[in-house]
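>>> Quick one, fold the following:
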Amino acid sequence: MRRLAALLAVGVVTPLAVPAQQTPSLMATQRAESLRLAGRPWHAAEMLLAAAGRELHLDPAFALAGAKAELHARRYDRARGLLAGQPWLAEYADGEGLAVLAEAEARLGLAVEAATDYAAARTRAHGPRAALLAVRAGLAWEAGAQPDSAAVAYGAARAAGLATIDAWLRVRQARVTRDTGVAFRLLADVAPPAAREVPAARAHALLAAGDSLAALEAFAQAGRALDVGRLAVARGDSGRARDALYGLMARAPETDDAAAAVGVVLASLPPRTAPERVALARAMKPHGAAADARLEVERAVRQGDSGAATLVLLGELLAGAGRLRDAERAYRAATKDAALGPLAIYRRARILVRLNDPGAREALAGFAQSYPGDSAAPTALYVLGDMFADRGDWAGAAQWFGELVARYPADVRASLARFRLAAETLRHGLLDSTAALYQAEVATAAPQRTAARFWLGRLALSRGDTAAAEAAWVALAHEDSIGYYGLRARREVALPPLRLAVPPLPAASPAVAASLARLDTLVLAGLDTAAEAEVRAVLGRAPQQDIDALLAWSDGLALRGFGPAAVRLGWQAALKAPADPRVLRAVFPWPNRPAVEAEAAEFGVDPFLFVAIVRQESVFDPEALSPAGARGLAQLTPSTAALTARGLDVTFYPDWITVPDLNLHLGAAHLDELLRRFGGRVDAAVASYNAGLVPVTRWLAREGATDVDQFVELIPYQETRGYVRSVLRNREVYRALYGATSN
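Prediction:
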């Protein structure tokens, strides 16, 4: 979607010229254009759709504006429907309508139609825009299996003078050139990072020339297992195809190539052996097909695969499906293995805990005793203490928590144990014991030492020692000035709210400006993978760049939708100049501020809280995808998005979930619902955004949960506890950096 945003916003499709005479449709067009430029394409599409319903006749300007908005909102069929067959299309606005139609067709998989319309649009365009349309035509011809036409289009783009991306265009042109001599000359002396694609481009050129055997070997030498497998299937070499594709899935199951290999093997090379079934399952599991993966592993076991690795995988899949007894049996069968036995023993013990099996205590204690050096041993002791605490048996909990602290004093789980014990001793008024636990956390430089310092301040206050409390909190506020507990301490003492004055960035150096311009050209040309390769190259060079270059790159990438890369460069800048306030802006950017603020205002939620969540969830990557299947800027699961949309009476299809402002719209609505459900308690709403309603409702029923500090401290899910702290910290940092909202 990033390349589509650039196509419509930066110059391949020019803004509509609106006549001076204002009609209702033209006024709607102007308002929609303002929304689009503010990062709200879905709202623009909805506005124009409503306006179209009031019009008896759609004039060209209005129809084109509507198509652009629908394209931005990923409603490609609607965009195509507004333009296809229009008698004015070919002659209107120097081919702009044809370009929008072509993009909609490309997105709908109508490659040849898209290529034809891109080519027609190019003949009506001028200058760089014509060259960019030639590249897009070439990409569409490639997708439509028309290599000769693609080669001509890329050649035309190069001849038109796109010098900044010529290396990438040479690679694309060589891929589809039938004359290998010409192709290999194109690939000579290609500069990095495009040079990384040269081996695969040589293989594609050999394939275009009809030498599939040489292409097969070239793909193998380039390390392109997916291409090897596909080509071997086409050649009827099922043995080589199986080796390549099943090897890829076994070796790198979480990659996109492995996900594509799953589709190829299911269509042409279904698994026959137990190892093939396991490899297929490993690739299915991280790509949303855990149920199918489980079936394949079960079949592998029935075929005689009783290896520990297979049984551990089966146990994991069965546990994920809620078949806990079956999972326990699978793990138990793997416990005798020398290498994976400890893992199987530990996981079996955790399953017994979930089953409330009386053997859980012995299993966990036995694991911790037998494998004290295993990284899971501290967790086993913590879970034992947690079991007793949940039953209200604090004597038993103290035994296991105490053993954990004694054995692993600096471990994060020992920190959690200290805080659980401290909360219990505080509840019983044992202030000296509570203080000793917090002081031990500080003395051992354990992970939660700043939290312990905050709580030591609270203890001093509860004893009436106001001066000691203030001294502790003032010191913490200065030493941990942008940390959760430093900011929390600031609110307890007479310190003004944190404000961070950030001087403007200097103009980007000519080298950085030229590189950003090249990135823009790649995106405008539709070469998204090339743009991503350029960004990876920038990240690789980051340690060698000076502070101004890092900050300029960070700012430029954030504005272009590469949020995670921008923040990574911000952290690199922090290593060089940790005290520079500009660094903090790079680490906490706000590239889509108008859209975030507008959605927050629509639902009456704090925009600083909402941007804090967006940064924590996606780091401003509109295509972000979590292991749990959450998508987009606000990281909504399809089910949550659909349910929220239904409550708002908003039409929603799963393909639209990453449309930036629709995702933000639904995310703000979801946050508002959580805040209402929890009576405005921000801590509980944020916890529920991460962990869900059911556990948070349970946690709020615990004694002491009305105290926000204690509620946050005793969230039992480590991920959620850290998430809540991070979001609340983010909110205050954004408030300090960006001041009053612009709404």
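>>> okay, Pro193: pLDDT?
Looking at Pro193, its pLDDT reads 96.
>>> Enumerate every residue touching it.
Taking Cβ atoms under 8 Å, 6 or more residues apart in numbering, we find Pro193 in contact with 533-534, 536-537. C-beta coordinates here come from the backbone N, C-alpha and C atoms, glycine included.
>>> Of the residues you listed, which belong to strands?
Among the contacts of Pro193, no member falls in strands (DSSP state E).
>>> so can I have a markdown table of those residues showing pLDDT and distance to Gly315?
Formatted as a markdown table, the contacts of Pro193 follow (pLDDT from 0 to 100; distance: Cβ to Cβ, whole Å):
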| residue | pLDDT | distance to Gly315 |
| --- | --- | --- |
| Ala533 | 96 | 39 |
| Glu534 | 97 | 43 |
| Arg536 | 96 | 36 |
| Ala537 | 96 | 41 |
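>>> gap between the residue nearest the centre of the chain and Pro564?
Centroid-nearest residue in the chain: Ala624, 2.6 Å away (criterion: Cα atoms, centre = their mean). In this view, Ala624 and Pro564 are 8 Å apart by Cβ to Cβ, to the nearest Å.
>>> Please apply the same query to Ala79.
29 Å.
>>> now swap in Leu231 and tell me
Applying Cβ to Cβ, the value for Leu231 to Pro564 is 33 Å.
>>> repeat for Phe711
Counting by Cβ to Cβ, the gap from Phe711 to Pro564 is 31 Å.
>>> Those two - which one has more neighbours?
Ranked by neighbour count (other Cβ atoms under 10 Å), Phe711 and Pro564 place Phe711 first, with 20 against 16.
>>> isn't there a helix covering that one?
Yes. Using DSSP: H, G, I helix; E, B strand; the rest coil, the assignment for Phe711 is a helix.
>>> Contacts only, for it.
683-684, 699-700, 704-705.
>>> Flag the shaky bits of the stretch 601-743 of the chain, pLDDT-wise.
The stretch 601-743 of the chain contains residues with pLDDT under 70 at 740-743.
>>> any chance you could map the helices in it?
Along the stretch 601-743 of the chain, the stretches classed as helices by DSSP state H, counting those that start in this stretch are 607-618, 638-648, 660-677, 682-691, 693-700, 708-713, 718-738.
>>> can you give me the helices for the stretch 51-200 of the chain?
Assigned by DSSP H, counting those that start in this stretch, the helices in the stretch 51-200 of the chain fall at 60-72, 76-83, 96-107, 111-124, 127-143, 147-159, 166-175, 180-186, 198-208.
>>> Between these, which has the poorest mean confidence score?
Among the helices of the stretch 51-200 of the chain, helix 60-72 carries the lowest mean pLDDT (a mean of 89).
>>> what about it, distance to the chain center?
Computed by Cα atoms, centre = their mean, to the nearest Å, the chain-centroid distance of helix 60-72 equals 29 Å.
>>> isn't Arg40 right up against Ala598?
Yes. If you go by Cβ atoms under 8 Å, Arg40 and Ala598 touch, sitting 6.4 Å apart.
>>> what's the closest non-adjacent residue to Asp480?
Gly486 (3.1 Å; Cβ to Cβ, 6 or more residues apart in numbering).
>>> what about that neighbour, how many neighbours?
22.
>>> before we move on, what about the one 5 residues further on?
Arg491 has 12 neighbours, counted by other Cβ under 10 Å.
>>> roughly how far apart are it and Leu404?
Arg491 is 32 Å from Leu404, by Cβ to Cβ.
>>> Where does the residue lying farthest from the centre of the chain sit: helix, strand or coil?
Centroid-distance maximum for the chain: Gly464 at 47.3 Å, with Cα atoms, centre = their mean. The three-state assignment at Gly464 reads coil, by three-state DSSP.
>>> is it true that Glu470 touches Val493?
Yes. Glu470 lies in contact with Val493 (Cβ under 8 Å); the separation is 5.2 Å.
>>> how much space between Gly341 and Ala309?
From Gly341 to Ala309 the distance is 12 Å (Cβ to Cβ).
>>> Which pLDDT value goes with the residue lying closest to Tyr346 once chain neighbours are set aside?
Excluding its sequence neighbours, the residue lying closest to Tyr346 (Cβ to Cβ, 6+ apart) is Ala376, at 4.7 Å. Ala376 carries a pLDDT score of 96 in this model.
>>> you'd agree Ala376 is up against Ala344?
No. Taking contacts as Cβ under 8 Å, Ala376 lies outside contact range of Ala344: 11.3 Å.
>>> and Met138, how many neighbours?
Not Met; residue 138 is Gly. 32.
>>> residues contacting the closest residue to Val474 other than its chain neighbours?
Once flanking residues are discounted, Val474 sits nearest to Val493: 5.5 Å by Cβ to Cβ, 6+ apart. Val493 makes contact with 470, 473-474, 477, according to Cβ under 8 Å, 6+ apart.
>>> now do Val412
Going by Cβ under 8 Å, 6+ apart, Val412 touches 378, 446-448, 718.
>>> Sitting in helices, which of the residues you listed do you find?
Among the contacts of Val412, the members falling in helices (DSSP state H) are 378, 718.
>>> ok, Val265 - contacts?
Applying Cβ under 8 Å, 6+ apart, the residues near Val265 are 229, 242, 245-246, 249, 271, 280.
>>> Show me which of these is closest to Pro497.
Distance to Pro497 across the contacts of Val265 (Cβ to Cβ) is lowest for Met249, with 53.2 Å.
>>> That closest one: neighbour count?
28.
>>> Report the mean confidence score over stretch 404-413.
94.
>>> Now do it: distance from first to last residue.
8 Å (Cα to Cα, to the nearest Å).
>>> Grab the nearest non-local neighbour of Ala475.
Closest to Ala475 by Cβ to Cβ, 6+ apart is Arg453, at 7.8 Å.
>>> repeat for Phe610
Counting by Cβ to Cβ, 6+ apart, the residue nearest Phe610 is Ala600, at 4.4 Å.
>>> got the contact list for Arg413?
Per Cβ under 8 Å, 6+ apart, neighbours of Arg413: 378-379, 381-382, 404.
>>> Okay, and it sits in which element?
According to DSSP states H and E, Arg413 maps onto helix 412-427.
>>> Buried ones in that helix, by neighbour count?
For helix 412-427, the neighbour count (16 or more other Cβ atoms under 10 Å) marks 413-426 as buried.
>>> the inter-axis angle of it versus helix 718-738?
For helix 412-427 against helix 718-738, the angle by axes from the mean of the first three to the mean of the last three Cα atoms, to 10 degrees is 90 degrees.
>>> next one: helix 412-427 to chain centre, how far?
On the basis of Cα atoms, centre = their mean, helix 412-427 sits 33 Å off its chain's mean C-alpha point.
>>> which residues does the nearest residue to Thr720 once chain neighbours are set aside contact?
The shortest distance from Thr720 to any non-neighbouring residue, by Cβ to Cβ, 6+ apart, is to Ala691 (4.3 Å). Ala691 makes contact with 715, 717, 719-720, according to Cβ under 8 Å, 6+ apart.
>>> do that again at 10 Å, thanks
Neighbouring residues of Ala691 by Cβ atoms under 10 Å, 6 or more residues apart in numbering: 699, 715-717, 719-721, 723-724.
>>> And the buried ones among those, selectable in ChimeraX?
Of the contacts of Ala691, the buried ones can be selected in ChimeraX as follows, counting by 16+ other Cβ under 10 Å:
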select :699,715,716,720,721,723,724
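>>> Now render the contacts of Ala691 as TSV, adding distance to Leu48.
As requested, the contacts of Ala691 are exported to TSV (distance: Cβ to Cβ, whole Å):
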residue	distance to Leu48
Trp699	45
Ile715	45
Pro716	48
Tyr717	44
Glu719	41
Thr720	41
Arg721	45
Tyr723	38
Val724	40
